[in-house]
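Engineer: I would like to see how this sequence folds:
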Amino acid sequence: MHHFIKNTFFLCLVGCSLMQCSNGKKDIRNYYFPLKKLTEGLVYEYRPVGNDSITPVYWYYRSLINKEGAYLTGTYYEYNFEPLQFVREELVKNGMLLQDINLYQYDTISPQPTIIDGKILSGTTYPFEVSEEDGGIFLYKVKFAFSPEIQATIIKNRKYLGETTFEWEGETYDAIEFELKELVEYDDAKAGGIEPEFSGSEIYAKGLGLVYYKKDLGAGSYLEYRLHKTYLMEELETRFDQYLKQKKR
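Structural biologist: Down below sits the predicted model:
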């Protein structure tokens, strides 16, 4: 993957239409988040499927496009609207490459979170070309050091499964699906090593990005979310204000 893109080639990457690649692979770049439409930022609200007791989750995506290249940032929030994760990806020749990932940990002592920087070992977050015959395997691997004694490495393998469709706000979108395999290597100096494995799937809709994801936690338990709506950050800030008012009652 190359880290610098000439302007003419960059514009082609951002705006080109879906096509069959000359090397026999399928071009799927237009199913990822639309960087051109995210320069002002947009909140993606995901709601759980079939479980009303679980609160929605929110991702705020915003892109930066200039002569040096293009980047996508994402900030993750849950019910209390405190940021829990931040990622920054770079648009490169053959996909989106993870450049930064941070986790935010909160405690009752300090109002400021502790920021844990992830060490990126393999940062492919989304490929632009996939094989329709075997799907291919795309590796994502990040390591976090929570303390000198406790570390965790997250390994994700994505495999392209094929085309599908997705219904959202009364429209049917062309979409693609990935199979997901995840392994967490958890090293604790006192408790020893733990390596839970998960399986799941993801759906990306053309012109929208990630619209559905499911993770099988084992023993009949799973997490499943789909895109509910998108809106500007001002609406999320309003919800945060309402949450604070209710909390003070």
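Engineer: how close does G162 get to E224?
Structural biologist: With distances taken as Cβ to Cβ, to the nearest Å, G162 is found 20 Å from E224. From N, CA and C alone the C-beta is placed, and that goes for glycine too.
Engineer: My error: substitute G41 in the last question.
Structural biologist: Taking Cβ to Cβ, one finds G41 at 26 Å from E224.
Engineer: Can you get me a residue count around T108?
Structural biologist: By other Cβ atoms under 10 Å, 5 other residues sit near T108.
Engineer: The one 4 residues further on too?
Structural biologist: The local packing of Q112 (other Cβ under 10 Å) involves 9 other residues.
Engineer: Let me know the helix or strand that the closest residue in space to R226 that isn't next to it in sequence is in.
Structural biologist: Nearest non-adjacent residue to R226, counting by Cβ to Cβ, 6 or more residues apart in numbering: Y212, 4.6 Å away. Here Y212 sits within strand 209-218, counting by DSSP states H and E.
Engineer: Show me what that strand pairs with in its sheet, parallel or antiparallel.
Structural biologist: Strand pairing for strand 209-218, using DSSP bridges, gives strand 197-205 (antiparallel), strand 221-231 (antiparallel).
Engineer: Pick the most buried one from these.
Structural biologist: Burial of the strands paired with strand 209-218 is given as mean neighbour count (mean count of other Cβ atoms under 10 Å); strand 197-205 ranks first at a mean of 18.
Engineer: Touching that one from outside, list them.
Structural biologist: Strand 197-205 is contacted from outside by 28, 31-32, 126, 158, 161, 164, 166, 168, 173-184, 210-218, 222, 227, using Cβ atoms under 8 Å, 6 or more residues apart in numbering.
Engineer: and those, which are buried?
Structural biologist: Buried members of the contacts of strand 197-205, counted by 16 or more other Cβ atoms under 10 Å: 28, 31-32, 126, 158, 166, 168, 173, 175-178, 180, 182, 210-216, 222, 227.
Engineer: A strand includes G50, no?
Structural biologist: No: the assignment for G50, made by DSSP: H, G, I helix; E, B strand; the rest coil, is coil rather than a strand.
Engineer: my guess is it contacts E224, does it?
Structural biologist: Yes: using Cβ atoms under 8 Å, G50 makes contact with E224 at a distance of 6.9 Å.
Engineer: Buried ones in the lengthiest helix in the chain, by neighbour count?
Structural biologist: For the chain, the longest helix by residue count, based on DSSP state H, is helix 233-248. By 16+ other Cβ under 10 Å, the buried positions in helix 233-248 come out as 236, 239.
Engineer: other SSEs contacting that helix?
Structural biologist: If contacts are counted by 3 or more Cβ pairs under 8 Å, 6 or more residues apart in numbering; DSSP states H and E, helix 233-248 sits against strand 42-48, strand 57-66.
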